[in-house]
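Trainee: Would you be able to build a 3D model of this:
(2 chains, ligands or ions: 1)
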Amino acid sequence: MNQKNRLQSGGRIDRNQPMSFEFNGQLMVGYQGDTLASALLANGVDVVGRSFKYSRPRGIVTAGADEPNAVVQLGATEATQTPNVRATQQELFDGLVAGSTNGWPSVDNDFMGMVGKIGGSMMPPGFYYKTFMFPQSLWETYETFIRKAAGLGRSSKESDVDVYDRMNQFCDVLVVGAGPAGLCAALAAARGGARVILADEQSEFGGSLLDGKETISGKPADEWINKVVTELEKTEDVLLLPRSTVNGYHDQNFLTIHQRCSDHLSDRAPTNQPRHRMHRVRAKRVILATGAQERPLVFGNNDIPGCMTSTAVSTYINRYGVAPGENLVVMTTNDYGYQAAMDWHDAGRKVSCVVDTRETVTGYVVDAMHERGIRIMTGSAITEVHGSKRVKAVSIAPINEDGSKVVGPAAKWNVDTVASSGGWSPAVHLSCHTGSRPVWNDDIIGFVPGPTVQKQLTAGGINGCYELENVFKEGLGAGKQALKELGLEPTRLMTPKVESHERNPAMALFLVPHRKPMSRAPKQFVDYQNDVTAGGIELACREGFQSIEHVKRYTALGFGTDQGKLGNINGMAIAAQVQNKTLPETGTTVFRPNYTPITFGAIAGRDCGELFDPKRYTAMQPWHVANGALFEDVGQWKRPWYFPKPGESMQAALNRECKATRESVGILDASTLGKIDIQGKDAREFLGRVYTNAWAKLPVGKCRYGLMCGEDGMIFDDGVTSCLGENHFLMTTTTGGAARVLEWLEIYHQTEWPELEVYFNSVTDHWSTMTISGPNSRKLLAELTDADLSNDNFGFMDWKTANVAGVPARIFRISFTGELSYEINVQANYGLHVWEQLFAHGEKYNLTPYGTETMHILRAEKGFIIAGQDTDGAVHPHDLGMSWAVANSKPFSYIGKRGMAREDCVRPDRKQLVGLKTTDPNVVIPEGSQGVFDPKAPIPMPMVGHVTSSYWSENLGHSIAMGLVKGGLSKMGEKVYYPQADGSVIEAEICSPVFLDPKGERQNV
Amino acid sequence: MLHIFCPHCAEYREEEEFHAKGQAHIPRPLDPEALSDKEWGEYLYFRKNPRGIHHELWVHAAGCRKFFNMTRDTVTYEIHETYKIGEKPTVTAQS
Ligand SMILES: [Zn+2]
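Mentor: Here you go, the predicted model:
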C-alpha cells in the first residue's frame, strides 16, 4: 500500500527515514515521527476496529489520549503482546506489529456486526444486564462470548520479557503538561531556582503548538519551544520527562508518572534498559497545565470512518503531513473549528463548506474563509452522515437558534471527511483524583477544576483559557505564584508575542437535532468505545435512571479504556436535557486514577520474580539445601519442612524423623522463632502485665512458658521467656508472631505504661538456634561443651552460658517434644559451624535432622499447642485446659484477665481443646473437619467444633488428633463424629491431648 | 499515599513507613474488674467513625518504632497535626 494521504511536504516527520510496520497482517510504510495512527491514515486505512456492542466499523477520530476507536493490540511476539494501546499515542518504529482488538473474528466481516444489524432495538442500553443475567449457570459461557466479542485486547500468555523500574522523586514544582502554559510555568519556576519536574505524555514538548501554525514573536512556534526546552535542559535541578503521563494525583501532592522509556524504539526494550518507569513524586506544588480536549459533535451516524474532531484533522496535517481524505466538510459551534478548514485547504485539498451552527458569524474566520473561497453555511448542521466503511455524503439542514430543531429540508453533500468541533473540555481529570468536583463554567461551556485541598495551581486550557497570549500569561503567572508560595524570588519574564483574534461567542450544542426524534434518528454516538448513543441515554433516563452515576453504569457511558474523555460531557448534557435539568444540576461522574491505562509491569517495577517478596534464610540454609530439605514458607522465612532421603515418601521421612528423635536424638533449626531482648528495672513487672502467668519470682537462670492474650482474653501468642539477669529477659515468640508481639509490647509501654522503665529489641536475626532433642541429646552435647550437663546441675527449664564447639553459647534446657532437649543459641555467624560440629559428633547417635512437620507431630504427641493452629483468636487459656498458665493472684489486672471473665467466656459449653483418638487407629482425620455429636442428625447438623491438628504417630502406632469440641473438657471418653465430603463418617473418642508420657518423665531425666 | 510528619523523628516520611493503629485517646481502664461486661465491651470494641476530623494512633513502624497521634480529616485526608502520646490535639471537631 502506498501512502496515498501523505502530503508532499510539511509536518514533523522525517521522510528520509521510512519505517515498515504491519497492521492486521498487511505490510505498510510510515516515517520516523509518525504515530501508528498517522501512519495508518497516511496509508489510507479507514477501518481500524469494530465497535463494542453493534460492531460497527470504526476509524480514527482523534490524535491523542482521548482516542476511543484506534485501540490496538501490539506485539511482534507472544511475550511482547500489549493490549489496548491507543494508536494515536504509539510512536511508529521499524518492525512494529499491530492488530485491531475489537473485531472478532475480523475487522471487515464479523459475527457481532450481524447481531447488531438485526436491529438496534435488540441491543438497548442495559442489554448485557438484561440478556446475560439469567440463568446464572450459563454466565461462564456468556462471559467468554462477551469478552471475545467486546474484544478489549488480550494479555500475553508468556512471561513479560522486559524489565520495569520505579523511582521515588521529590521536587518543588511538578508541571503537568508541556504545552504553552506548562513550558511557561516550568520556565518561570526554574528561573526562580525551584527544583522542577516537567512531564508530558507526548514524545516532544510543545503541546498544541506542535499541531498548529502559530508564530511566536514573529517566528515559527518550534523555535520558541526549542529555546525554552534548551534553557530548561541546561538548568540545574530541572528534570524533563517526555513520553511521561502523569496518571494519578494522590493525597498530599503525591503523583505517579508513567514514563514509556522504550515503547517508541522497538517491540521489546533494548538490553539493560527498562521498558517503562514509574516515578512516584512528592511535589511541594503542582501546576496542572493539562490543556483541553475537543468535543466532537453528536449527529446521526457520526461514527462512520472519516468523521474526526477538527483538531485531529489539523494535527494530522500540520504535525504528520497527512491529509486523511480528499473532500472535507467542517461542522462547528465555535471559531476554533475553522482552523481545520484552513489547514485542509492550505494542504491543497478540497473543503466543500463550513457548517456553522450559529446564526451569525463575523470577523477573522469569515475573512479567512473568504480568502480561500470556502463557503460558510450558518444556522445549519450536519444532521446525518451517509456511508458504511467511509463517509460518502452528509445531509446538511438548517436548524433553529438554540439548536434544538431542524427547521428546513436537508441537502445532501458528497464529501469523504467530516471534521466536527463542539468546543473544548478542559482536561480536569487530575484535579478530580483526590475528590475535588469540577465546576461548570457557562462562559467557556465546560467544567473547570473545583476547590481542592491539594497544593495545586492550574494554567491555560484546563482553566478554559484558550487564547494563546492568555495561556502564556497564565503559565508564567502559575510558575511565579508557585515560587512565591515556596518563598522563592520570581524573576521578570516577558510574555511571548502572538497574534490574537477577536472571537465570536461559541454556541453550547451537545446534540445536533435530526428531523426524527432521538429514538428513531440514525444512531447519534456519544461514547464510541461503548456504543452509547443519545437515544440510549434518553432511554435510560426514561427507564428511571436519574443520577448521572446510574445513567453511566446502565449505559456504560465512559466505561471504556478512554474513560469517557471524548463523550462524557456530551452524554451528561444530553441526560440533563432529557431530564430538563442544567448541566451543573446533573453534575459529572467521578474521575479516578489512572488517566490512561498503564502496564502492570510499571506498577510492579522490580518487585517481581525473585524480588517479589523478601526471603529470610537461617544461617544453616546451605546445609539444609545440601541435605535435601524441602522448604515451607512461614511468614517470609523459608523453614525446612522435612528431609527426605532419595526415593523416600513424605510419610516415610516423617516416620523416620519422629522415631529417630524419640529413640536417640534429632535436631531442629529453630532460628526463626522470634526473640525479643527485654531490659530495664521494670522488665519483670511488664512481663507480669502482658503474660497471663506469674513472673515476679522467676530467678536468674530459669525459663518459663507463658501465654499472651489480647484484652478480650483470647490467646494470640505463646513462648518461653528466660531470665538472663535481674533486669534482663529474653522472650521467644512464634515465628510468624515476632513482629506483632514486639509492636504489642511497644504499644502498651508507650501509650499505657510509659512510667515503667523497660526496653525492647528484636534479636531474632542475631542468634542461630538449634534444638537437639531425644534421649541421647545430653551425650551428644557433652562432646562439644565444657558445661556440666548433669540433671542435678542443669535441670529442666534451666539455662546456662557455655562454650559449644568452641563458640560462646546460651543453652536452654526447654522442650517442645517432651524429650530431653537442649536449645543451643549462638551468634548467627557461628550457626552453621556449630550445626556442622553437632553432625560431626552426632553420626554415632544417628543424629537426624527434622523440619517443621516432624516438630508438629512430636509436639502433638505431647498435646503442646501451636498458637494460630490450635487457637484461632476465639480461644482463651481455660478453653485449652491450660488454667495452670493463668495466675489469679497477680496484683495487676494483666492483659486478658478481664476479658476472660466475661459472661460468654465462662460458659461451660464453650469449644474446648481435647485429644481425639479415632476408633480405627489407622485413620487420620483431615484437619479442619467439623465434628457432630449425632452423625444421623438431619442437615443442617449442629456442629460442635473442628479438628485443629491431626497426624499419624509412628511412635504410638496410631493416629492422633486435637480439636475444639463444645464442652469437650467434661466429655472425656465420649464419642464425636467427623462427617467427610465423600459421605463417610470418622468416629473418634474424646481424650486427653497428652498421648505420650503423660507424667512428663522423659524431659526430666 | 499520605505524607506524615513523625513528631519523634521531626521529619516528613512516606506512609509506607507507618502503620495506622486505630482511634487515639482510648486509655485502658485503670480498674478493669470494676467495669461491667458492657463497659468492658465498649472499651474493647466500640470505635468512632466520624466524617471529618478524627484523632488516630499511628506508629512509625519502619522508622523510630514510636507511637504518636494524628489529627486527620477522613474526607479530605488532610493531616492537621501529629503529636506525641500524652499530648492533647490542638485541632478538634469543635475547634
Ligand atoms: Zn519516627
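
Trainee: Can you give me the neighbour number for the nearest residue to residue A:618 once chain neighbours are set aside?
Mentor: With sequence-adjacent residues excluded and distances taken as C-beta to C-beta, 6 or more residues apart in numbering or on different chains, residue A:618 is closest to residue A:671, at 4.0 Å. C-betas here are computed from N, CA, C, even on glycine. A count of nearby residues for residue A:671, using other C-beta atoms under 10 Å in any protein chain shown, gives 27.

Trainee: What's the separation between residue A:671 and chain B?
Mentor: In this structure, residue A:671 and chain B are 23 Å apart, going by C-beta to the nearest C-beta, to the nearest Å.

Trainee: Confirm that residue sits in a strand?
Mentor: No - counting by DSSP: H, G, I helix; E, B strand; the rest coil, residue A:671 is not part of a strand but coil.

Trainee: What distance do you get for it to residue A:50?
Mentor: Between residue A:671 and residue A:50 the distance is 61 Å, computed by C-beta to C-beta, to the nearest Å.

Trainee: Could you pull out the buried residues of stretch A:924-944?
Mentor: A:924-925, A:929, A:931-933, A:941, A:944 (16 or more other C-beta atoms under 10 Å in any protein chain shown).

Trainee: what about that stretch, start to end distance?
Mentor: From the first residue to the last, stretch A:924-944 extends over 19 Å; the measure is C-alpha to C-alpha, to the nearest Å.

Trainee: Stretch A:952-971 too?
Mentor: From start residue to end residue, stretch A:952-971 stretches across 24 Å - C-alpha to C-alpha.

Trainee: what is the mean pLDDT for that stretch?
Mentor: Confidence over stretch A:952-971 (mean pLDDT, whole number) is 97.

Trainee: Grab the nearest non-local neighbour of residue A:384.
Mentor: Counting by C-beta to C-beta, 6+ apart, residue A:300 is the residue found nearest to residue A:384 once chain neighbours are left out, at 3.5 Å.

Trainee: Check which strands are paired with the strand or helix carrying residue A:97 and give the direction for each one.
Mentor: Under DSSP states H and E, the secondary-structure element containing residue A:97 is strand A:96-100. Taking DSSP bridges as the criterion, strand A:96-100 sits next to strand A:14-23 (parallel), strand A:71-74 (antiparallel) in its sheet.

Trainee: what residues does the longest one touch?
Mentor: It stands for strand A:14-23. When contacts are taken as C-beta atoms under 8 Å, 6 or more residues apart in numbering or on different chains, the neighbours of strand A:14-23 outside the stretch itself are A:27-34, A:36, A:39-40, A:45, A:72, A:92-99, A:321.

Trainee: Separate out the buried members of the residues you listed.
Mentor: A:28-34, A:36, A:39-40, A:45, A:72, A:92-93, A:96-99, A:321.

Trainee: so of those, which ones are in strands?
Mentor: A:28-32, A:72, A:96-99 (DSSP state E).

Trainee: With respect to chain B, which of those is nearest?
Mentor: Chain B has its nearest neighbour among those in residue A:72, at 33.0 Å by C-beta to the nearest C-beta.

Trainee: what is the closest residue to the closest one other than its chain neighbours paired to in the beta sheet?
Mentor: Leaving aside its sequence neighbours, residue A:72 sits nearest to residue A:98 (C-beta to C-beta, 6+ apart; 4.5 Å). Beta-bridge partners recorded for residue A:98 (DSSP bridges): residue A:23, residue A:74.

Trainee: which non-adjacent residue is nearest the residue of the stretch 651-800 of chain A found nearest chain B?
Mentor: With C-beta to the nearest C-beta as the measure, the residue in the stretch 651-800 of chain A that lies nearest chain B is residue A:750; the distance is 4.6 Å. Distance criterion C-beta to C-beta, 6+ apart; nearest residue to residue A:750, sequence neighbours excluded, is residue B:67 at 4.6 Å.

Trainee: wait, what's in contact with the residue nearest to residue A:618?
Mentor: So, once contact is read as C-beta under 8 Å, 6+ apart, residue A:671 ends up touching A:618-620, A:767-770, A:828, A:831.

Trainee: and with 6 Å instead?
Mentor: A:618, A:768-769 (C-beta atoms under 6 Å, 6 or more residues apart in numbering or on different chains).

Trainee: and it, backbone torsions?
Mentor: Geometry field for residue A:671 lists phi and psi as phi -60, psi -20, criterion degrees, to the nearest 10.

Trainee: Quick check: the gap between it and residue A:771.
Mentor: If you go by C-beta to C-beta, the gap between residue A:671 and residue A:771 works out to 10 Å.

Trainee: same deal with residue A:833?
Mentor: In this structure, residue A:833 and residue A:771 are 17 Å apart, going by C-beta to C-beta.

Trainee: With residue A:544 instead?
Mentor: Distance of residue A:544 to residue A:771, given as C-beta to C-beta: 70 Å.

Trainee: now swap in residue A:849 and tell me
Mentor: With distances taken as C-beta to C-beta, residue A:849 is found 11 Å from residue A:771.

Trainee: low-confidence ranges in chain A?
Mentor: Along chain A, the parts satisfying pLDDT under 70 run over A:1, A:102-151.

Trainee: Which single residue of it ends up nearest chain B?
Mentor: With C-beta to the nearest C-beta, the shortest gap between chain A and chain B falls at residue A:898, namely 3.6 Å.

Trainee: Residue ranges of each domain in chain A, please.
Mentor: When chain A is parsed into structural domains using automatic domain parsing, the resulting residue ranges are A:14-149, A:167-292+A:426-485, A:296-422, A:516-587, A:669-858, A:909-999.

Trainee: Ends of the third one, what's the gap?
Mentor: It stands for domain A:296-422. Chord length of domain A:296-422, first to last residue, is 5 Å (C-alpha to C-alpha).

Trainee: Point out the residues in chain B that sit beside the ion.
Mentor: B:6, B:8-9, B:60, B:63-64 (C-beta under 5 Å from the ion).

Trainee: I'd like the residues you listed laid out as JSON lines, including distance to residue A:196.
Mentor: Listed next are those as JSON lines, based on distance: C-beta to C-beta, whole Å:
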{"residue": "B:6", "distance to residue A:196": "28"}
{"residue": "B:8", "distance to residue A:196": "32"}
{"residue": "B:9", "distance to residue A:196": "28"}
{"residue": "B:60", "distance to residue A:196": "30"}
{"residue": "B:63", "distance to residue A:196": "29"}
{"residue": "B:64", "distance to residue A:196": "32"}
